[in-house]
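# here you go, sequence then predicted model.
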Amino acid sequence: MENLLNNLKSLLQKDERLISAGELLKNKIVELALKLDKELIKLLLSNRKLKEVFFIEVDKTLVFDKDKFIRFVSNKQFLPDSYTSFKNKIGLTISDEFISEKKEVVLSWPYKDCVLEGGMSKEDQKRDEIFWNEILAPDEISRLLDPKVFTNTKRIDKKGEHKFDNFRTDEKNNIKDNLVIKGNNLLALHSLKKRFAGKVKLIYIDPPYNREDEAFYNDSFKHSTWLTFMKNRLEIAKELLRDDGIIFISINHIELGYLLVLLDDIFDRKNRLPIITLRAGTTASYRSINDCPVNVSEYVIAYSKSSNYKPNTIYRPTGYSEDYSHFIENIEEKPEKWKLSKLTDLIHRKNNCKDWREYRNKFGDNWKRKRFEEIERFAFENKEKIVSLNTLQKPSKKIQAVIDKSKKTREKVFVFERINDEPIYCLNGRTLAFFKSKFRNIEGDFVPSEVLTNLWIDISFLGIGPEGGVTLENGKKPEYLLKTIIELSTSRGEIVLDFFAGTGTTCAVAHKMGRQFIGIEQLDYGENSAVFRLRNVINGDQSGISKSVDWKGGGDYVYLELLKWNENFVGKLKKAKTKDKLAKLWKMMRKKAFLSYKVDVKAVDENAKDFAELSIEDQKKFLLECLDKNHLYVNYSEIYDEEYGVSEVDKKLNKEFYKV
């Protein structure tokens, strides 16, 4: 056995892909074996003994037994480090494989019920994988996702924080309060299910983009882990949506394609809406020096829950369009006598020029810009006389007959009258569209406009730092982006949910626009959190969209937290700076924490010397693995268990929340 191990180690060291800092990479070896990598197989075949062990002959053909090879590589005797050696010694293993080597749920979703649970803090970036990658049995998942106990509840308004009394409800017992929930968003979503399933009109989320440059939280996951992370949350999110509800997700190019495939599966491809493109950056950065073309785009993906979703029609200012190139000189006469002139000819004549050449000679190099400005000004002043000549798409037979007639009799306007609608004017086989029809009142300005498209380049990401009085590097979204999404998909009073609430942009905009909101956030942003931003909003914050919606302040929201249990130890373990602190935490964990059934406390204590020799990072990792992940937070079903010490106030609150 020892010779076989040594032979394999020596052979694998010949492949540069499998070595880093002089050490063999076990995960990389397993990955290549799973992919049936040709170079790896060729390398193994070059050694007679390894060939005999890891290949079987079938009809004179050698077949690589990858499962046997992976089991061998994952064996506790192959490349053991101090950490895995310690776990093996105290028995914290699953069969012959190390917990840290069980990668099934990371590779794909071979188990339908796998759930990944974990934090997103910046400190987690130092770990190879931020999740506890464990396969849970269905009964364990049910327990993990059971409704949780809420605590530390308070109502916040202009006068500050108040002792929570009760939820405001309507005649159907629907909660009408705005909610901000602190805690793991996957578990919070499942806790909302009892009261809000089928009641949310809009979900907007701005999840981690899975890139490496995020400043505040861990935004660099393994690709398949990121997809599972999203899958778990999107599945419950769909249950919360109304039948006519919709979800919008901000994303960049890194995971765009994969997220679309995932959403096609969850929401059905036929419910996908056009992908929205945003101009989120400029070329005025270091990227423009090295990257060409410079990537300045981000995207918003949208899926409706069903075909019952009906968006609101909204418009965007467009300015003057050169399509509107003709002027009706005698509009006061009957349409049959109308005379049309080109706007360019009109402007030339107004400047005593015979044609564009004379105009160019008169005004020099900037003649085109000057002429455009003159045409634009004239068009705005005479919008009821300015028209474009269009080709009508798929006209009815009656309209087509009038169009054909206008082709034969040139320079004469023909009219097709319509009941309860504007007439259609035809000239030379084309139809007239009036510039005045494009004008609408948009935020107090009567301007030319067009129906909203899926290209939103008018929303600026520049200068949004002061919005709401909070900041978040590389992650904050403009209030106008959320205003557009909320205006497009909701009406006043409907529920808007954001379970990656961050600094609270979605909640703030929803509140200013008279929507009910629910925000969920796990991380602590301090004075840049949604809680602080919403206080500013209630006090009359005038940044962002405030002026456009005439926001004056007011309103309130209810703040809640998921009641932690093992999660308390997770936080303390991450913050510990010394081994002495970790030793004290282990003593506390033995008394109060729910430990994994795989942990033999006696064996751990008997090997305390070996544990003390581990690095502080490995000690933290081990103690985290000792915690039972089903007990991170307190389940509502155990609210009367004296061990958890749930207060009478919290019992009353939770009983009210979960009643239906």
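The structure has been received and is ready for your questions.
# you'd agree Val180 is in a helix?
No - assessed with DSSP: H, G, I helix; E, B strand; the rest coil, Val180 is strand; it does not lie in a helix.
# what's the neighbour count on it?
Val180 has 22 neighbouring residues, counting by other CB atoms under 10 Å. Backbone N, C-alpha and C define where each C-beta goes, glycine included.
# after the top strand by length along the chain, which helix or strand is next?
Looking across the chain with DSSP state E, the single longest strand is strand 241-251. Later in the chain than strand 241-251, the nearest helix or strand by DSSP states H and E is helix 256-267.
# whichever helix or strand comes after that following helix pairs with which strands?
For helix 256-267, the following helix or strand on the C-terminal side (DSSP H and E) is strand 276-279. With DSSP bridges as the test, strand 276-279 is paired with strand 297-304 (antiparallel), strand 455-456 (parallel).
# quick check: which of the ones you listed is nearest to Val415?
Of all the strands paired with strand 276-279, it is strand 455-456 that lies closest to Val415, at 35.4 Å by CB to CB.
# chain center to the next helix or strand after that closest one, what's the gap?
Following strand 455-456 in sequence order, the next helix or strand is helix 479-489 (DSSP H and E). Relative to its parent chain, helix 479-489 has a centroid offset of 15 Å by CA atoms, centre = their mean, to the nearest Å.
# list the contacts for the closest residue to Ile236 other than its chain neighbours?
Nearest non-adjacent residue to Ile236, counting by CB to CB, 6 or more residues apart in numbering: Leu189, 4.6 Å away. Listed by CB atoms under 8 Å, 6 or more residues apart in numbering, the contact partners of Leu189 are 233, 236-237, 240, 499, 520.
# is the nearest residue to Tyr425 once chain neighbours are set aside bridged to anything, and to what?
Excluding the flanking residues, the one nearest Tyr425 by CB to CB, 6+ apart is Leu432, at 4.1 Å. Beta-bridge partners recorded for Leu432 (DSSP bridges): Leu389.
# one step back: tell me which of the strands paired with strand 276-279 is the most buried.
Neighbour counts (mean count of other CB atoms under 10 Å) averaged over each of these peak at strand 297-304, with a mean of 21.
# ok so, going back, would you list the strands paired with strand 276-279 in a markdown table and tack on mean pLDDT and distance to Lys408?
Below are the strands paired with strand 276-279 laid out as a markdown table (pLDDT from 0 to 100; distance: least, CB to CB, whole Å):
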| stretch | mean pLDDT | distance to Lys408 |
| --- | --- | --- |
| strand 297-304 | 95 | 47 |
| strand 455-456 | 94 | 40 |
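# in CSV, list these along with distance to Leu343.
Formatted as CSV, these follow (distance: least, CB to CB, whole Å):
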stretch, distance to Leu343
strand 297-304, 35
strand 455-456, 27
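# picking up where we left off before, filter the contacts of Leu189 to the buried ones?
233, 236-237, 240, 499, 520 (16 or more other CB atoms under 10 Å).
# among those residues, which are located in strands?
Judged by DSSP E, strands contain the following of the buried ones among the contacts of Leu189: Ile520.
# show me the contacts for the residue nearest to Leu455 when sequence neighbours are not counted.
Leaving aside its sequence neighbours, Leu455 sits nearest to Thr277 (CB to CB, 6+ apart; 5.4 Å). Shown in contact with Thr277 (CB under 8 Å, 6+ apart): 297-299, 454-457.
# of those residues, just say which sits nearest to Ile331.
Using CB to CB, Leu455 comes nearest to Ile331 of the contacts of Thr277, at 34.1 Å.
# how much space between the closest one and Ile275?
Relative to Ile275, Leu455 is positioned 10 Å away (CB to CB, to the nearest Å).
# same question, Phe86
Separation of Phe86 from Ile275 (CB to CB) stands at 49 Å.
# and Tyr30, what pLDDT?
Careful, residue 30 is Val; it's not Tyr. On pLDDT, Val30 comes in at 85.
# oh sorry, the question was meant for Thr391
The per-residue pLDDT reported for Thr391 equals 92.
# sorry, back to before: okay, Phe86 and Ile275: which has more neighbours?
Neighbours were counted for Phe86 and for Ile275 using other CB under 10 Å; Phe86 has more, 20 against 13.
# isn't the more buried one right up against Asp610?
Yes - between Phe86 and Asp610 there is a contact under CB atoms under 8 Å: 5.2 Å.
# where does Tyr204 land in three-state SS?
Assignment for Tyr204 (three-state DSSP): strand.
# look up how far Val470 lies from the closest residue to it other than its chain neighbours.
Leaving aside its chain neighbours, Tyr204 sits nearest to Phe248 (4.7 Å; criterion: CB to CB, 6+ apart). Noted for Phe248: a distance of 21 Å to Val470, by CB to CB.
# and what of Ala508?
Ala508 sits at a distance of 9 Å from Val470 (criterion: CB to CB).
# Asp265 now?
Using CB to CB, Asp265 is found at 35 Å from Val470.
# repeat that for Ser543.
Here the criterion is CB to CB. By it, Ser543 lies 10 Å from Val470.
# who's more crowded, those two?
Shown here are Ser543 and Val470; by other CB under 10 Å, Val470 has more neighbours (24 against 18).
# neighbours of Ala433, how many?
Close neighbours of Ala433, defined as other CB under 10 Å, add up to 18.
# ditto for Ile538
Ile538, neighbours per other CB under 10 Å, totals 19.
# quick check: phi and psi at it.
With angles defined as degrees, to the nearest 10, Ile538 sits at phi -60, psi -30.
# any idea how far it lies from Tyr425?
Per CB to CB, Ile538 is found 53 Å from Tyr425.
# do the same with Pro466
Per CB to CB, Pro466 is found 50 Å from Tyr425.
# quick one: which of the two has more around it?
Higher neighbour count among Pro466 and Tyr425: Tyr425, with 20 against 11, using other CB under 10 Å.
# a helix runs through that one, doesn't it?
No - under three-state DSSP, Tyr425 sits outside any helix and is assigned strand.
# name the residues linked to it by a beta bridge.
Beta-bridge partners for Tyr425, by DSSP bridges, are Val415.
# residues contacting it?
Tyr425 sits next to 335, 413-416, 431-432 when contact means CB under 8 Å, 6+ apart.
# filter these to the buried ones?
Buried subset of the contacts of Tyr425 (neighbour count, 16+ other CB under 10 Å): 335, 413-414, 416, 431-432.
# closest to Lys26 among the residues you listed?
Distance to Lys26 across those (CB to CB) is lowest for Thr431, with 70.8 Å.
# so what's the closest one up against?
Counting by CB under 8 Å, 6+ apart, Thr431 touches 389-392, 403, 424-425.
# do the same with Lys238
By CB under 8 Å, 6+ apart, the residues touching Lys238 are 247, 266-267, 305.
# all set, thanks.
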